[in-house]
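Colleague: this one's sequence-less:
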């Protein structure tokens, strides 16, 4: 009961703080002319403030850090959830990644500098003992990753961080995907006994919803890299926090399914750019949201389609937790195959439209 109250309180507080701070950021941004200027690879046509990540981060951090001690103060006899020192580098990592995005929003950091800072932040997470430690191999069993646990964990965190950043291309998309994903991941954490990760997840959910009040079309503010990198980083870290030192690759399969849209969109972008012999960090207008716009969906209908897909993927991932390992793996693989087929179909429809034109 106390855990339910604490995660609900975390979501509400994060929502209120984010919802209050974001309009203030919009006002200051207009006065200072801190805008995301339109160009040939962006959809918006008017200068829009781009520092919404600050509102998300403030709401998220205040709720995630503040709820456990607040609940302990209110219910000293019945509430025992508290952070230990292993979480200190985790929250430092969240701050580093947010600061990296914030500097990039103002000064356009070089891609390699951003990557290095992301790796440093991800390394901070592993310092607390939060790493992908083993791999389940059918027919063999669980295989310890040993020293490879750390680079694999860093790769996982950095990849998911950038995947969320890439889908931040349409009003309300990245914020909505984050709110849905954080909700499902929060429930997953709680079902596996992770009270603190659950609080962190619902804090992110509430902060994202507070930001969405100003980001749904037509958006009055964008989250910028200060938000997009940070939300992806937090979502990637959540599965690692449930069982410190005992997280397996299989434990990340269900969370990865929740984040299937940004993951497949990123993989598709990498393959596309390698095929065209372009740097993998080079921008284009070939992402999933661009393709949905190309086939005639309005921004609002695009969001409904993407949100619905995220919910379906989340339900599949959540359902897999109650199944035997083999059945769970089969359900997740089937979900991935269906999503990949849908992405391929979407690509072919867009190609026909281009040839017809």
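Modeller: Received it, and whenever you're ready, just let me know what you need. Given the structure is predicted, the values throughout are model-derived calculations rather than measurements.

Colleague: can you give me the strands in the stretch 101-250 of the chain?
Modeller: Assigned by DSSP state E, counting those that start in this stretch, the stretch 101-250 of the chain shows strands spanning 132-137, 141-144, 247-248.

Colleague: So which other helices or strands are in contact with the host helix or strand of residue 303?
Modeller: In this assignment (DSSP states H and E), residue 303 forms part of helix 299-320. Judged by 3 or more Cβ pairs under 8 Å, 6 or more residues apart in numbering; DSSP states H and E, helix 299-320 is in contact with helix 173-191, helix 253-258, helix 260-275, helix 288-294, helix 325-356. No exception for glycine: its C-beta is placed from N, CA and C like everyone else's.

Colleague: of all these, which lies closest to residue 88?
Modeller: helix 173-191 (19.4 Å; Cβ to Cβ).

Colleague: from the middle of its chain, how far away would that closest one be?
Modeller: From the chain centre to the centre of helix 173-191 is a distance of 8 Å (Cα atoms, centre = their mean, to the nearest Å).

Colleague: Same question for stretch 264-273.
Modeller: Taking mean C-alpha positions (Cα atoms, centre = their mean), stretch 264-273 and its chain are 17 Å apart.

Colleague: what's it in contact with?
Modeller: Stretch 264-273 has contacts (Cβ atoms under 8 Å, 6 or more residues apart in numbering) with 159, 162-163, 166-167, 279-280, 282, 284, 286-288, 339-340, 343, 347.

Colleague: List only buried entries from those residues.
Modeller: Buried by 16 or more other Cβ atoms under 10 Å: 159, 162, 163, 166, 167, 286, 287, 288, 339, 343, out of the contacts of stretch 264-273.

Colleague: Between the strands of the stretch 101-250 of the chain, which one is closest to residue 181.
Modeller: Of these, nearest to residue 181 by Cβ to Cβ is strand 247-248, at 17.8 Å.

Colleague: just to revisit the earlier point, can you put the helices and strands packed on helix 299-320 in CSV and add distance to residue 53 and mean pLDDT?
Modeller: Below are these laid out as CSV (distance: least, Cβ to Cβ, whole Å; pLDDT from 0 to 100):
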stretch, distance to residue 53, mean pLDDT
helix 173-191, 10, 96
helix 253-258, 21, 94
helix 260-275, 16, 89
helix 288-294, 19, 86
helix 325-356, 27, 78
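
Colleague: Against residue 306, how distant is residue 202?
Modeller: For residue 202, the distance to residue 306 equals 21 Å [Cβ to Cβ, to the nearest Å].

Colleague: Can you get me a residue count around residue 77?
Modeller: 5 (other Cβ atoms under 10 Å).

Colleague: On the three-state scheme, it is what?
Modeller: With DSSP: H, G, I helix; E, B strand; the rest coil as the basis, residue 77 sits in coil.

Colleague: Ok, the one 5 residues further on next?
Modeller: Judged by three-state DSSP, the three-state class of residue 82 is coil.

Colleague: distance of it from residue 221?
Modeller: Taken as Cβ to Cβ, the span from residue 82 to residue 221 is 35 Å.

Colleague: For residue 202 and residue 306, work out which one has more neighbours and name it.
Modeller: The neighbour count for residue 202 versus residue 306, taken as other Cβ under 10 Å, is higher for residue 202 (31 against 22).

Colleague: Contacts only, for the more buried one.
Modeller: 7, 8, 10, 11, 14, 182, 183, 186.

Colleague: Mind picking the two most distant members of the residues you listed?
Modeller: 8 and 182 (13.8 Å).

Colleague: Same drill for the two, tell me which one is more crowded.
Modeller: The residue with more neighbours, out of residue 8 and residue 182, is residue 182; 28 against 13, by other Cβ under 10 Å.

Colleague: That one and residue 201 touch, don't they?
Modeller: Yes - Residue 182 lies in contact with residue 201 (Cβ atoms under 8 Å); the separation is 4.9 Å.

Colleague: Need the overlap of contacts for these two.
Modeller: Common neighbours of residue 182 and residue 201 (Cβ under 8 Å, 6+ apart) are residue 238.

Colleague: show me where pLDDT drops low in this structure?
Modeller: 38-45, 138-139, 349-357 (pLDDT under 70).

Colleague: Give me the neighbour count for residue 95.
Modeller: That count, for residue 95 with other Cβ under 10 Å as the rule, works out to 15.

Colleague: what residues are up against it?
Modeller: Neighbours of residue 95 in contact, by Cβ under 8 Å, 6+ apart: residue 61.

Colleague: what kind of secondary structure is it in?
Modeller: Quick answer, by three-state DSSP: residue 95 is helix.

Colleague: How much space separates it from residue 233?
Modeller: With distances taken as Cβ to Cβ, residue 95 is found 11 Å from residue 233.

Colleague: What of residue 299?
Modeller: 26 Å.

Colleague: coming back round to it: neighbour-wise, which of residue 82 and residue 221 wins?
Modeller: In this comparison of residue 82 against residue 221, neighbours counted by other Cβ under 10 Å, the higher total goes to residue 221 at 26 against 12.

Colleague: How about the contacts made by that one?
Modeller: By Cβ under 8 Å, 6+ apart, the contact set of residue 221 is 22, 25, 26, 29, 48, 49, 50, 51, 52, 211, 214, 215.
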